[in-house]
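J.: Dropping a prediction and its sequence here:
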Amino acid sequence: MNDVDERKKRNIKIAIIVLIFAAVAIVIYSAIILISRIGKYEVKVVYAPYASTVRIDGDKYKNNATHYLTPGKHTFKVEFENFDSLEQEYDITENTTVYGYLTPNNEAGEKYAREHENEFSAVSGLVAKAQSNYGKSVREQFPLMSKFPIKTPNYTLSYELSETDEFKVIVKANRDFRELAISRLMEVLTQDDITKYDVEIKEFESPFIVEFASNAQTDPYEYLHSGFGSAMDGFHLGDTKEEGNYLYGYIAKKVGYISDIYRFILKRGDAGWVLCGKPYPVLTSINTSCGVSGDILYKVDTDQFQ
């Protein structure tokens, strides 16, 4: 065997050894990467401009890239020359995309934004998609949203949704049309709805915000009058109905040709009556205590006293 063949064999062996070491190194590196990602979530970070500096919990990370973060709250701070900085806190609970865009604070920043409009458009697309998905999920969570708003010249029925996804039904009506609005509202709400959601009447002041004084009166009207004192002046007891340990109905006060109506529920206890929440034009599980069922709430709200 000549020298040329020997060199070829030696080079092949060297190449094989190098390939083996490379393969082993790749496997080890991949294993290290996989191990480092255990228990972490995949988080894609996209901020416009893409050249922005991104820091997560103070450590610098590449923008427009995917990273792996531990579950929990993380602070994202984004900075770029000629733009206002942005700081956001995210609670990472799943694989997700974190995104946003900086606002130019001078002409140089505005010029840069125009020249990199595609980056801002891409992030705007993420925002629009997220808003659409959020709107869809909220509508699925609160199907009652589809029934509002209801607007008439005399009243408006709508809703409010807080940042913590608390759904509240809103009634806007002056005293003359309040009962008409509530009557229409109860055509929309189901028994299940009034056990889940609060109902708030805007621009409305109840006289029954005073502290209720417990007393031993057995007559429902006298019990309420002794408990609320002068707040009950001018009110009379309307229709009532007893069901099990509960008595429900309304009290009313004539103001001109209109009556202010407040619904109430009492529960019979060992020591006498117990007031299950302050009287209000609409009773729900939110503003009523004593474990009142949705059936009784719905009956008192729809004036089913027969």
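T.: Everything's here; your move. Numbers count the residues shown, from 1 in each chain.
J.: Distance from stretch 273-282 to the middle of the chain?
T.: 28 Å (C-alpha atoms, centre = their mean, to the nearest Å).
J.: How about stretch 259-266?
T.: 31 Å.
J.: quick one: contacts of that stretch?
T.: 175, 178-179, 206, 208, 220, 223-224, 235, 238, 246-253, 273-277, 279-283, 288, 290, 292, 296-297, 300-301 (C-beta atoms under 8 Å, 6 or more residues apart in numbering). In short, each C-beta sits where N, CA and C put it, glycine included.
J.: again with stretch 113-127
T.: With C-beta under 8 Å, 6+ apart, stretch 113-127 has contacts from 46-50, 97, 99-101, 104.
J.: Which one (most neighbours) among those?
T.: Among the contacts of stretch 113-127, residue 48 has the most neighbours (other C-beta atoms under 10 Å), with 26 neighbours.
J.: Quick one: the helices in the protein, in order.
T.: 3-36, 107-115, 117-141, 178-188, 193-196, 220-228, 294-301 (DSSP state H).
J.: What residues of stretch 233-247 count as buried?
T.: By 16 or more other C-beta atoms under 10 Å, the buried positions in stretch 233-247 come out as 235, 237-238, 240, 246-247.
J.: Could you list the domains of this protein?
T.: In terms of domains, the chain is parsed into 41-141, 150-301 (source: automatic domain parsing).
J.: so which of the ones you listed is the most packed in?
T.: domain 150-301 (a mean of 16; mean count of other C-beta atoms under 10 Å).
J.: For it, measure first residue to last.
T.: End-to-end distance for domain 150-301: 19 Å, by C-alpha to C-alpha, to the nearest Å.
J.: From the chain's centroid, how far away is it?
T.: Between the centre of domain 150-301 and the centre of its chain there are 26 Å (C-alpha atoms, centre = their mean).
J.: quick one: average pLDDT of it?
T.: Regarding domain 150-301, the rounded mean pLDDT is 94.
J.: okay if I get the contacts of stretch 113-127 as TSV plus distance to residue 147?
T.: Output for these, formatted as TSV (distance: C-beta to C-beta, whole Å):
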residue	distance to residue 147
46	37
47	39
48	38
49	43
50	44
97	33
99	33
100	34
101	36
104	43
